[in-house]
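[1] When you get a sec, could you give me coordinates for this:
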Amino acid sequence: MELLKKISWRVKLGITLVLLSAAIYLMNYLVFGKIYDLVFYIFIDVAYIPLEVLFVILIIEWAISEREKRNLLQKLNMVIGSFFSEVGTDLLKGISNFDLKTEKIREKLLITENWDKKDFLDISEQIKNYDYNVYIGKDNSNSIDYLNELKKFLINKRGFMLSLLANPNLLEHDTFTDLLWAVFHLTEELENRDDLTNLPNADYEHLATDTERAYSLLVYEWLQYMEHLMNNYPYLFSLAMRTNPFDPDAKVEIQDIYSN
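    Got it, this is the predicted structure:
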C-alpha cells in the first residue's frame, strides 16, 4: 500500500490503460478466435505509434507552446505598459535633462504614425550604439536641481517598482529586468546621499554613470514598447505619440487640423 501511494497518477494511469488494452485484445481473441488477425492488427496499431507521437509532440505541443508564448508576451507587455505609464515616461523626461546631446537623440525618437517595422529596427540598432553624454556637476546648478527631483521621484515610485519585480513573468524578459535593476541601483545610490548639492566631482561622475546606464536601457525598452503599441494597440500608440518624452512640442490634446 505504501508503494502505491508513492506512484504518481501518471504511472497509475499508464498501467491502467495498458491493462485495459490487453483486456480488449484478449476479449477480441476469445470472441473471434483468430490469433493471426489479432497479431496483424496489433502490428498495424504499433506502426501508427510513431506517427501519433509525431503529431502529439511536434505539432500539438508546438501549437500549445506558441500560444503560451503569445500569452506570456501579452502579460509582459501589460507589465511594461504599466511601468511606462507610472514611471518610465516621466523618468525619461527627467534623465534627458542630464544628456548634453539630447537634441541629437531626440531627432531619432520623434515617432510618427508613418513609421514601420524597418524604421523601428534601424533606430533600435542606432540606439544600441548611441554614445550617451550624461553630465552631472556643480558647475551646472540646474543638473543638481534635476538630481534632487529625480531622487524624490524614484523614492516615491520604489513601492510600485518592487511590485513589478515580484511578477514571475519578468524572468522571461531579460532586458526589462536589467532595466528595473539599473533603476533600483540608481535609486539606492541617490537615497543613500543625504545632500546632493556638494558632492566630490568623482562622485558626481559615478552618479552620471549610473544614470546613463539606466537611461540607455530605458530608451531602448521604450522604443520596443512603442513598436508593440503600433502593431497591436493603435489607440494606445496614438496617446504614446502625443506624450512622447522626446518631443518638446508634444501635446496630449488632439489638435484641429484646420486651426492656425
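
[2] In three-state terms, how would Glu113 be classified?
    coil (DSSP: H, G, I helix; E, B strand; the rest coil).

[3] residues in contact with it?
    By Cβ atoms under 8 Å, 6 or more residues apart in numbering, the residues touching Glu113 are Met230, Phe237, Ser238, Met241. Yep, even glycine has a C-beta here, placed from its N, CA and C like the rest.

[4] buried set for the lengthiest helix in the chain?
    Ordering each helix of the chain by length in residues (DSSP state H) puts helix 201-232 first. Using 16 or more other Cβ atoms under 10 Å as the test for burial, helix 201-232 gives 204, 207-208, 210-223, 225-230.

[5] Show me where the stretch 51-200 of the chain has its helices.
    Under the criterion DSSP state H, counting those that start in this stretch, the stretch 51-200 of the chain contains helices at 61-83, 89-96, 102-108, 117-128, 141-156, 158-165, 174-191.

[6] Can I get these in a markdown table including distance to Pro50, mean neighbour count and mean pLDDT?
    Converted to a markdown table, those look like this (distance: least, Cβ to Cβ, whole Å; neighbours: other Cβ atoms under 10 Å; pLDDT from 0 to 100):
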| stretch | distance to Pro50 | mean neighbour count | mean pLDDT |
| --- | --- | --- | --- |
| helix 61-83 | 15 | 13 | 75 |
| helix 89-96 | 54 | 18 | 89 |
| helix 102-108 | 54 | 14 | 80 |
| helix 117-128 | 40 | 13 | 88 |
| helix 141-156 | 58 | 15 | 89 |
| helix 158-165 | 45 | 13 | 87 |
| helix 174-191 | 37 | 17 | 91 |
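
[7] mind putting these in JSON lines, distance to Leu17 included?
    Listed next are the helices of the stretch 51-200 of the chain as JSON lines, based on distance: least, Cβ to Cβ, whole Å:
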{"stretch": "helix 61-83", "distance to Leu17": "20"}
{"stretch": "helix 89-96", "distance to Leu17": "56"}
{"stretch": "helix 102-108", "distance to Leu17": "61"}
{"stretch": "helix 117-128", "distance to Leu17": "49"}
{"stretch": "helix 141-156", "distance to Leu17": "58"}
{"stretch": "helix 158-165", "distance to Leu17": "44"}
{"stretch": "helix 174-191", "distance to Leu17": "42"}
